[in-house]
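Peer 1: Sequence and predicted structure, then a few things I'm wondering about:
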Amino acid sequence: MVRRSTKHAKIGHSTKPSLHLPRLFQEAQAAYQANQLELATQLYQRILIEDPKHAEALTWLGTVYLRQGKLVLAIDHLRAATHANARQAIAHSHLGVALQATQHYAEAVKSYDCAIALNK
């Protein structure tokens, strides 16, 4: 299960995602590409506190967990990513990898098939 922030919005503050999220996502991607997985994790989590359905942050946080062998967390985040945006082939593909690694072969095949269909 993906954990969400339990903080409540303060009176007078907008509950819409902040405009700085694209910059934060770029920083997270740069950290991921530099193999700074702990920093990338922290940045993706910050994005998800503000926007729990940020499909790209869910996808890449799930991918970090997959690389770290944290398969349950990877599956949870990648499933959430596919629910947030069903058209993300990479989320379906990485979900397939995580499901295959946990011997959920039928589900993995469905995820791979979805990823392939989206890439056509």
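Peer 2: On my side now, so go ahead. Numbering: from 1, shown residues only.
Peer 1: what's the distance between T41 and Y65?
Peer 2: 8 Å (Cβ to Cβ, to the nearest Å). Placement of C-beta: from N, CA and C, glycine included.
Peer 1: Look at those two and report which has more neighbours.
Peer 2: Y65 (23 against 20; other Cβ atoms under 10 Å).
Peer 1: Helices of the protein, residue ranges please.
Peer 2: 21-33, 37-50, 55-67, 71-84, 89-101, 105-118 (DSSP state H).
Peer 1: of all the ones you listed, which gets the most neighbours per residue?
Peer 2: Between the helices of the chain, helix 55-67 has the highest mean count of neighbours, a mean of 23, where neighbours are mean count of other Cβ atoms under 10 Å.
Peer 1: any low-confidence regions in the chain?
Peer 2: For the chain, the stretches flagged by pLDDT under 70 are 1-17.
Peer 1: Could you find the closest non-adjacent residue to the most centrally placed residue in the chain?
Peer 2: Residue closest to the mean C-alpha point of the chain, counted by Cα atoms, centre = their mean, is L58 at 1.7 Å. Using Cβ to Cβ, 6 or more residues apart in numbering and skipping residues adjacent in sequence, the residue nearest L58 is A81, 3.7 Å away.
Peer 1: which residues does the one you found contact?
Peer 2: A55, E56, L58, T59, G62, Q88, A91, L95 (Cβ atoms under 8 Å, 6 or more residues apart in numbering).
Peer 1: Which single one of the residues you listed is nearest to A117?
Peer 2: Nearest to A117 out of the contacts of A81 is Q88 (Cβ to Cβ; 12.4 Å).
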